[in-house]
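sequence? don't have it. structure:
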């Protein structure tokens with residue numbers, strides 16, 4: 001849920017400052033700034049003369065915590081309570097939806113063979129081949145379109161809820177690529193076209209999973225094309241079903 005009232009800026013004794021901007025927490029130091037989307041925050045803790053921002057992390061990993069010390073205790077309590085009330089509820093495990101979709105596609109492909117053979121016996125070889133062709137084409141296109149939609153959704157999700165970082169040019173295994181550093185200090189490679197600056201957003205629960213920032217128009221085109229491919233695939237499956245129905249009832 002969005003913040004309904006402005007929150008105080010919490011200034012620490014070491015020059016650090018914590019504030020909320022929209023759906024992000026902004027932690028600034030004299031030499032750097034860190035923007036943390038609400039989706040990457042597990043909990044904000046008001047401490048005695050301080051405040052701590054705990055990031056989300058897998059159960060087996062120690063979560064990263066950022067602290068600002070020397071802040072007003074009453075203001076820290078109000079800040080923590082308000083932000084915690086606005087945090088999104090935890091989502092599902094990364095990749096679960098894609099895994100289910102792949103299993104569904106594989107099962108559909110195997111399920112096409114028996115009806116095609118039966119329809120071929122009932123309506124002729126040509127009908128059986130048509131059902132097999134349309135069914136296989138429909139399954140492949142639906143799978144490709146579904147994966148494209150999943151990747152588009154992942155990109156949008158990480159852009160909104162992921163941790164932003166800058167990937168820098170490095171040399172790994174004798175080839176030039178880009179890599180970013182997560183909040184724990186670990187470095188992860190990422191694929192990108194050569195650019196002066198490569199911005200990425202990574203999953204705080206799975207820091208090795210990241211997306212490279214791209215224009216909103218490119219993401220929209222990817223989503224629309226994926227939807228069109230999936231729709232055409234479903235149409236092919238419907239056509240295959242129509243042929244099979246005619247073979248058994250004609």
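Great, that's in hand. For clarity, every value in this text was computed on a predicted model and none was experimentally measured. Numbers count the residues shown, from 1 in each chain.

only C-alpha atoms for contact and neighbour calcs from this point on.
OK.

hey, where'd the strands end up in this structure?
Applying DSSP state E to the chain gives strands spanning 10-11, 17-21, 24-29, 32-37, 41-47, 50-55, 65-69, 163-172, 175-181, 187-190, 198-203, 206-212.

Reformat the ones you listed as a markdown table; add mean pLDDT and distance to residue 226.
Formatted as a markdown table, the strands of the chain follow (pLDDT from 0 to 100; distance: least, CA to CA, whole Å):
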| stretch | mean pLDDT | distance to residue 226 |
| --- | --- | --- |
| strand 10-11 | 90 | 45 |
| strand 17-21 | 89 | 33 |
| strand 24-29 | 84 | 30 |
| strand 32-37 | 77 | 28 |
| strand 41-47 | 88 | 31 |
| strand 50-55 | 88 | 33 |
| strand 65-69 | 87 | 39 |
| strand 163-172 | 79 | 26 |
| strand 175-181 | 78 | 27 |
| strand 187-190 | 80 | 23 |
| strand 198-203 | 88 | 22 |
| strand 206-212 | 83 | 18 |
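
and stretch 18-36, how far apart are its ends?
Start-to-end span of stretch 18-36 (CA to CA, to the nearest Å) is 11 Å.

for the protein, what helix or strand is lowest in average pLDDT?
Least confident helix or strand of the chain, by mean pLDDT, DSSP states H and E, is helix 96-123 with a mean of 58.

still on that earlier bit, which one of the strands of the chain lies closest to residue 131?
Smallest distance to residue 131 across the strands of the chain (CA to CA): 38.7 Å, for strand 206-212.

buried stuff in that closest one?
Buried residues in strand 206-212, counted by 16 or more other CA atoms under 10 Å: 207-212.

Which other helices and strands does the lengthiest helix in the chain contact?
Using DSSP state H, we find that the single longest helix of the chain is helix 125-161. Applying 3 or more CA pairs under 8 Å, 6 or more residues apart in numbering; DSSP states H and E, one finds that helix 125-161 contacts helix 96-123, strand 198-203, strand 206-212, helix 216-249.

Redo the strands of the chain as TSV? Include distance to residue 149.
Shown next, in TSV, are the strands of the chain (distance: least, CA to CA, whole Å):
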stretch	distance to residue 149
strand 10-11	40
strand 17-21	30
strand 24-29	26
strand 32-37	23
strand 41-47	26
strand 50-55	28
strand 65-69	34
strand 163-172	22
strand 175-181	25
strand 187-190	21
strand 198-203	18
strand 206-212	14
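
And those strands: which comes nearest residue 143?
Smallest distance to residue 143 across those (CA to CA): 21.1 Å, for strand 206-212.

Now for the residue nearest to residue 53 when sequence neighbours are not counted, how many residues are close by?
In space, and not counting its chain neighbours, residue 53 is closest to residue 44: 4.6 Å by CA to CA, 6 or more residues apart in numbering. Residue neighbour count, defined by other CA atoms under 10 Å, stands at 23 for residue 44.

List the contacts of residue 44.
Residues in contact with residue 44, defined by CA atoms under 8 Å, 6 or more residues apart in numbering, are 51-54, 80-81, 83-84.

Quick one, which of these are buried?
By neighbour count, with 16+ other CA under 10 Å, the contacts of residue 44 hold 51-54, 80, 83 as buried.

OK, contacts around the most centrally placed residue in the chain?
The geometric centre of the chain, computed from its C-alpha atoms, lies nearest to residue 154 (CA atoms, centre = their mean), at 2.8 Å. Shown in contact with residue 154 (CA under 8 Å, 6+ apart): no residues.

ditto for residue 26
Going by CA under 8 Å, 6+ apart, residue 26 touches 17-20, 33-36.

what's the nearest residue to it if we skip its chain neighbours?
With sequence-adjacent residues excluded and distances taken as CA to CA, 6+ apart, residue 26 is closest to residue 35, at 4.6 Å.

my read: the one you found touches residue 21, true?
No: Residue 35 lies out of contact with residue 21 (CA atoms under 8 Å); the separation is 9.3 Å.
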